[in-house]
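Student: the following comprises the amino acid sequence and a computationally predicted model.
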Number of protein chains: 2
Amino acid sequence: MATYEIMNSYREKYANLVNWFILTEVMRGAPEKVYEAASHLIKAGGKRVRPFIVMAMAKALGGWEAEKASLPIAAGVEIFHNFTLIHDDIMDKDEFRRGVPTTHVVYGVDFAILAGDLAFALSYKSMELAKVYGLPPHILARSYETLTEAAVRVSEGQAYDMMFEKMESVSYHDYLKMIYLKTGALIEASARLGALVASAYNSEVKANHIEAAGEYGRFVGISFQIRDDILGVFGDPKITGKPRYNDLRRGKKTLLVLYAYDHAETDEEKGLLREVLRGRVHDEESLRRAAEIIAKTGALAYAEQMAMSLMRNALQVLDDLPVVDSEAKTALAELARFVVEREK
Amino acid sequence: MATYEIMNSYREKYANLVNWFILTEVMRGAPEKVYEAASHLIKAGGKRVRPFIVMAMAKALGGWEAEKASLPIAAGVEIFHNFTLIHDDIMDKDEFRRGVPTTHVVYGVDFAILAGDLAFALSYKSMELAKVYGLPPHILARSYETLTEAAVRVSEGQAYDMMFEKMESVSYHDYLKMIYLKTGALIEASARLGALVASAYNSEVKANHIEAAGEYGRFVGISFQIRDDILGVFGDPKITGKPRYNDLRRGKKTLLVLYAYDHAETDEEKGLLREVLRGRVHDEESLRRAAEIIAKTGALAYAEQMAMSLMRNALQVLDDLPVVDSEAKTALAELARFVVEREK
């Protein structure tokens, strides 16, 4: 397995910048309590993958000036991501995230709804500060629109996710579409925003490159989620830190289970997977049997191949971009590999 | 009392346009259910005061081209307003609005949170369509920023409102600030947006005029709320359609009660008003006595004078604007009078 040294050093550097920017430049105001609630999860940490993609893409295609101007845009994406977490935790009734009680547990549901709304507004406000960082106004206008497009898609994805919970089964094509909307669209937007900022500093970066950068993000986002699904069934609980078979136990409609259900050969196999999809299978022995069937139907291989294929597409796209900073490009390539190779 | 013929005919015309635009151009997509939930309250009606202000101001200062280009901006403001209603109804546990069950009653709280989030995103999406209506990009970018500023303020205002509920009393200065943020800021933004659009079509409209138009909106917004407070205590229930003393019974901290509490002369008066502010007074006789004290302390006169003074300021501001369409200006002047003269 490869190391991810450059990615990790970039990620740490950008995380520090983004944390500073968000907490001192954007999320301050009155009444203090609502700003505290809105920044509660941000203060608890997080991997900051999205701002990393924005800033590394800006640097890769536009150099240091673009990297600098992209900070308020990267921070805006991270604030938006955290707004979705605040509201998702309410909807999913999740009580812990990043090792701390979720926002609605600390501040109550009503105040958490409001804190999320404020964070949503502040994601645009953060981007506006890119003016001070030298970003031209017409690029800024398109940045707002890229965020808006992602915001609409994320809401649509969350709606599908909630509707799928009440259905017995969905096609894995529908599942992939939902995952794209809910997770992929914002990562796609992150990469696109980085390239958009770069286009202000490198005239080689054309509209088709901004599109292509978005594809890189889409490939990374979807393969990330597929790897998540694989680790949920076949990962080592000691490494992932999550109980094995958790997704199966909760009847989550992941690519693995949906594909396996479509391709199961015997009535016994199909019957067990149907019960899994209904969230009715809880004993360890049956869950182990379900995992066996998932491997046997080729669902595991299918998911692994799809993730690998998405990764290769992501790397291919990177190679076709007008790169001016090869180190930043390497960081983005390492990320594409990391998301499908990681064990946790 | 004056008639409001021109205002009413403009309001009806703009309401029809905005309804059509929102429902056919903006709030359509998949999954259908979340778009239906997001547009549920919009379909139920509403006065459409905010889009009226946007479009009438655009026409008054910029003529018919500005009026036309302002439609997607006006629709965006109305969509944003409806997003706040969806979430406010959840927080306030209100079950009816505009004669229909509120969004969370029909779709459940979780789905209503999500529908509100989608509506928030769609308010920016609506504005983006102004490109097709000929609005120059730099004006559009500033329109997004005006909406963002209002969105931050509305969230801050709602936070103060929720925090005030748990306090025994607040100063009436704090109350006015809360009302400005929660209600005034979006009406201010509406007027500013109309002037901003007009500035693309009338070179006489300068930055200071856009500011001044915003002041008109702020004066109208705050005087609207003050009149609401007055009607809540002294209005005729047969005309307002709301039970008399409702605000007093619920312990709502309105300008009237707060001012009266500060200016009450005897211990008996102060004691009764303190209990009213705590939401502990429910019998008709004591409520009537509280209303008497409110009149006696000068709180009613103070509120009426403040509303009248705000109206005169609003009219004064209109007179100093570079108007190209006097009929649209008359519609805006009628609105300023209407909000403080209305009996319901």
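Tutor: Now that the structure is in, tell me what you want to look at. Numbers count the residues shown, from 1 in each chain, chains lettered A, B, ... in the order given.
Student: A:N202: neighbour count?
Tutor: 22 (other Cβ atoms under 10 Å in any protein chain shown). Bear in mind the C-beta positions are built from the backbone N, C-alpha and C, glycine included.
Student: for chain B, see how far away it is.
Tutor: In this view, A:N202 and chain B are 21 Å apart by Cβ to the nearest Cβ, to the nearest Å.
Student: how is that residue assigned, secondary-structure-wise?
Tutor: Under DSSP: H, G, I helix; E, B strand; the rest coil, A:N202 falls in the coil class.
Student: can you tell me what sits against the least confident helix or strand in chain A by mean pLDDT?
Tutor: Using mean pLDDT, DSSP states H and E, the weakest-scoring helix or strand in chain A turns out to be helix A:237-240, at a mean of 84. Identification of contacts with helix A:237-240 by Cβ atoms under 8 Å, 6 or more residues apart in numbering or on different chains yields A:L231, A:G232, A:P243, A:R244, A:E343, A:K344.
Student: can you list the residues of chain A near chain B?
Tutor: For chain A, the residues in contact with chain B (Cβ under 8 Å from any Cβ of the partner chain) are A:29-31, A:33-34, A:87, A:90-91, A:110-111, A:113-114, A:116-118, A:120-122, A:124-125, A:128, A:137-138, A:140-141, A:144-145, A:148-149, A:151-152, A:155-156, A:158-160, A:162-163.
Student: buried ones among those?
Tutor: The neighbour-count criterion (16 or more other Cβ atoms under 10 Å in any protein chain shown) marks A:29, A:31, A:34, A:87, A:90-91, A:110-111, A:113-114, A:116-118, A:120-122, A:124-125, A:128, A:140-141, A:144-145, A:148-149, A:151-152, A:155-156, A:158-160, A:162 among the residues of chain A next to chain B as buried.
Student: among those, which lie within helices?
Tutor: A:34, A:87, A:90-91, A:110-111, A:113-114, A:116-118, A:120-122, A:124-125, A:128, A:140-141, A:144-145, A:148-149, A:151-152, A:155-156, A:158-160, A:162 (DSSP state H).
Student: enumerate every residue touching the residue nearest to the spatial centre of chain A.
Tutor: Computing the C-alpha centroid of chain A and ranking residues by Cα atoms, centre = their mean puts A:T183 first, at 4.6 Å. By Cβ under 8 Å, 6+ apart, A:T183 lies in contact with A:G157, A:G221, A:I222, A:F224, A:Q225.
Student: now A:E156
Tutor: A:L181, B:G29, B:A30, B:P31, B:V34, B:L118.
Student: ok, and what's touching stretch A:337-344?
Tutor: For stretch A:337-344, the surrounding residues in contact (Cβ under 8 Å, 6+ apart) are A:1-2, A:4, A:7, A:220, A:223-224, A:226-227, A:231, A:235-236, A:239-241, A:307-308, A:310-311, A:315.
Student: now the residues you listed: which count as buried?
Tutor: Among the contacts of stretch A:337-344, the ones that count as buried by 16+ other Cβ under 10 Å are A:4, A:7, A:220, A:223-224, A:226-227, A:231, A:235, A:240, A:307, A:310-311.
Student: and those residues as a markdown table, adding secondary structure?
Tutor: Output for the buried ones among the contacts of stretch A:337-344, formatted as a markdown table (three-state DSSP):
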| residue | secondary structure |
| --- | --- |
| A:Y4 | coil |
| A:M7 | helix |
| A:V220 | helix |
| A:S223 | helix |
| A:F224 | helix |
| A:I226 | helix |
| A:R227 | helix |
| A:L231 | helix |
| A:G235 | coil |
| A:T240 | helix |
| A:A307 | helix |
| A:L310 | helix |
| A:M311 | helix |
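Student: just name the lowest-scoring one in the residues you listed, pLDDT-wise.
Tutor: Taking pLDDT as the measure, those have their low point at A:T240 (80).
Student: can you tell me how far that residue sits from chain B?
Tutor: Applying Cβ to the nearest Cβ, the value for A:T240 to chain B is 28 Å.
Student: which of the contacts of A:T183 sits closest to B:A195?
Tutor: Nearest to B:A195 among those: A:G157, at 37.4 Å, using Cβ to Cβ.
Student: quick one: that closest one and A:K182 touch, right?
Tutor: Yes - using Cβ atoms under 8 Å, A:G157 and A:K182 qualify as a contacting pair, with a distance of 3.0 Å.
Student: ok, now which ones touch A:K182?
Tutor: A:V154, A:G157, A:Q158, A:Y160, A:D161.
Student: could you report the pLDDT at A:M1?
Tutor: 53.
Student: over to A:L315?
Tutor: For A:L315, the pLDDT comes out at 98.
Student: give me every residue that touches it.
Tutor: Here A:L315 is in contact with A:A333, A:A336, A:R337 (Cβ under 8 Å, 6+ apart).
Student: is it true that the first one lies in a strand?
Tutor: Meaning A:A333. No - membership of A:A333 in a strand is not supported by three-state DSSP, which gives helix.
Student: report the angle between the one helix or strand A:N16 maps to and helix A:109-128.
Tutor: If you go by DSSP states H and E, A:N16 is part of helix A:5-21. If you take axes from the mean of the first three to the mean of the last three Cα atoms, to 10 degrees, helix A:5-21 sits at 110 degrees to helix A:109-128.
Student: tell me what helix A:5-21 is packed against?
Tutor: Here helix A:5-21 is seen to pack against helix A:49-69, helix A:71-92, helix A:326-341 when contacts are counted using 3 or more Cβ pairs under 8 Å, 6 or more residues apart in numbering or on different chains; DSSP states H and E.
Student: out of those helices, nearest to B:I79?
Tutor: Distance to B:I79, taken as Cβ to Cβ, is lowest for helix A:71-92 among the helices and strands packed on helix A:5-21, at 17.8 Å.
Student: mind putting the contacts of A:K182 into CSV with pLDDT and distance to A:E12?
Tutor: Compiled in CSV, the contacts of A:K182 are given as follows (pLDDT from 0 to 100; distance: Cβ to Cβ, whole Å):
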residue, pLDDT, distance to A:E12
A:V154, 98, 26
A:G157, 97, 29
A:Q158, 96, 30
A:Y160, 95, 35
A:D161, 92, 31
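Student: of all these, which comes closest to B:G76?
Tutor: A:V154 (18.9 Å).
Student: quick one: the closest one and A:L181 touch, right?
Tutor: Yes - between A:V154 and A:L181 there is a contact under Cβ under 8 Å: 6.7 Å.
Student: that older thread, which SS class is the residue nearest to the centre of chain A?
Tutor: A:T183 ends up helix, using three-state DSSP.
Student: looking at the contacts of A:E156, which is nearest B:S169?
Tutor: Distance ranking of the contacts of A:E156 against B:S169, using Cβ to Cβ, places B:L118 first at 38.2 Å.
Student: distance check, that closest one against A:F120.
Tutor: Distance, B:L118 to A:F120, using Cβ to Cβ, to the nearest Å: 11 Å.
Student: quick one on the thing from earlier: for the helix holding A:N16, what is the distance to the chain centroid?
Tutor: 17 Å (Cα atoms, centre = their mean, to the nearest Å).
Student: what residues of it count as buried?
Tutor: Applying a neighbour-count criterion of 16+ other Cβ under 10 Å, one finds A:I6, A:M7, A:Y10, A:R11, A:Y14, A:A15, A:L17, A:V18, A:N19, A:F21 buried in helix A:5-21.
Student: report the angle between it and helix A:326-341.
Tutor: Using the same axes, to 10 degrees: helix A:5-21 against helix A:326-341 is 100 degrees.
Student: contacts for helix A:5-21 next, please.
Tutor: By Cβ under 8 Å, 6+ apart, the surrounding residues in contact with helix A:5-21 are A:42, A:47-49, A:51-52, A:55-56, A:71-72, A:74-75, A:78, A:126, A:327-328, A:330-332, A:334-335, A:338.
Student: going through those, which ones are buried?
Tutor: For the contacts of helix A:5-21, a burial check counting by 16+ other Cβ under 10 Å picks out A:42, A:48-49, A:51-52, A:55-56, A:71-72, A:74-75, A:78, A:126, A:328, A:330-332, A:334-335, A:338.
Student: which ones are touching the residue nearest to A:L272 when sequence neighbours are not counted?
Tutor: Excluding the flanking residues, the one nearest A:L272 by Cβ to Cβ, 6 or more residues apart in numbering or on different chains is A:A290, at 5.7 Å. Applying Cβ under 8 Å, 6+ apart to A:A290 gives the contacts A:Y245, A:L248, A:V257, A:L272, A:L273, A:V276, A:V281.
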